[in-house]
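Undergrad: Everything below, folded, please.
(chains A and B)
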Amino acid sequence: MNMGINVLGLVAAFTAFLSIWLGHVSVRKVEAQTVNLWKPTLAAIALGLGFEIAALFTASRALSLVFGILGVTLLWDAFEIRRQAQRVRKGHAPANPANPRHAAILAEPNTHAITYDLLNRDPVGRMVDTDEAFELIGRSSR
Amino acid sequence: MNLFGVFVGIIALFIIGLGFPLVIQGERRFGYLWWPYMLGIGILIILVSLFITSDWLSAVIGTLGATFVWGSTELKEQAVRAELGWYPFNAKKIKPPFEAIIKKWKAPHL
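TA: Next up, the predicted model:
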């Protein structure tokens, strides 16, 4: 019986973890910096599809799965860029006043957008109201 | 043509997608202090993948393990989201074993 170790699972795990991490960080950065979101969205779709095509033409199973997983996470990121913009609008992610697109959202009457990250703290174990949510991140109010 | 990578990629997309309800429900029912257990489960699943002879199954199980590892780093932020009312908050969570020790550790966040 062959009891060899199959490293493909490990390769898949590393690829998935690193590409999720990279996507998670880049989507936030790119959305905050970019004025026209269709540009990075299109780039992510093109790159994602490119990796899937590369996966099809790679003989090595290890490399093929690296491309396959990288490709789908990039396609997901394209979708997440849009979701990140909605988070900013709701105040669930910080707006960047230096970005004209965010500045316009911040200037809207009755805007929910804020420039602080309400998630940047440790949990306290109970529900908090708006005032306390700001106190906990070291702000007296919005 | 090698369909292997695309096939694994599509399954990976669904498994990573399952990470969202995993983190949301896990945090709601158990709380973020379970993060070391979730991390451990993820590492264990990845170790199991090493002993699976089928290439595609090994890759899929490896991705599942990575999703648990990633999920463990998302629990803390999810706990804050629930405290802010962005997700339903459950005050009666199931406490993890060795809670006092885990509280002294810094929960990972990437």
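Undergrad: contacting residues for B:Ser49?
TA: For B:Ser49, the contacting residues are A:Asn6, A:Leu8, A:Gly9, A:Leu10, A:Ala12, A:Ala13, B:Ser58, B:Ala59, B:Ile61, B:Gly62, B:Gly65, by Cβ atoms under 8 Å, 6 or more residues apart in numbering or on different chains. All C-beta atoms are positioned from the backbone trio N, CA, C, and that covers glycine.
Undergrad: Then B:Glu83?
TA: A:Pro123, A:Val124, A:Gly125, A:Arg126, A:Met127, A:Val128, B:Phe89.
Undergrad: A:Thr41 now?
TA: By Cβ under 8 Å, 6+ apart, A:Thr41 lies in contact with A:Ala78, A:Ile81, A:Arg82.
Undergrad: Am I right that B:Ile52 is in contact with A:Asn6?
TA: Yes: with contacts counted by Cβ atoms under 8 Å, B:Ile52 reaches A:Asn6, the gap being 5.8 Å.
Undergrad: Quickly list what's touching both of those two.
TA: Joint contacts of B:Ile52 and A:Asn6 (Cβ under 8 Å, 6+ apart) are B:Ser58.
Undergrad: Can you report phi and psi for whichever residue of chain B sits closest to chain A?
TA: Relative to chain A, the nearest point of chain B is B:Ser49 (2.4 Å; Cβ to the nearest Cβ). Main-chain torsions, B:Ser49, degrees, to the nearest 10: phi -60, psi -30.
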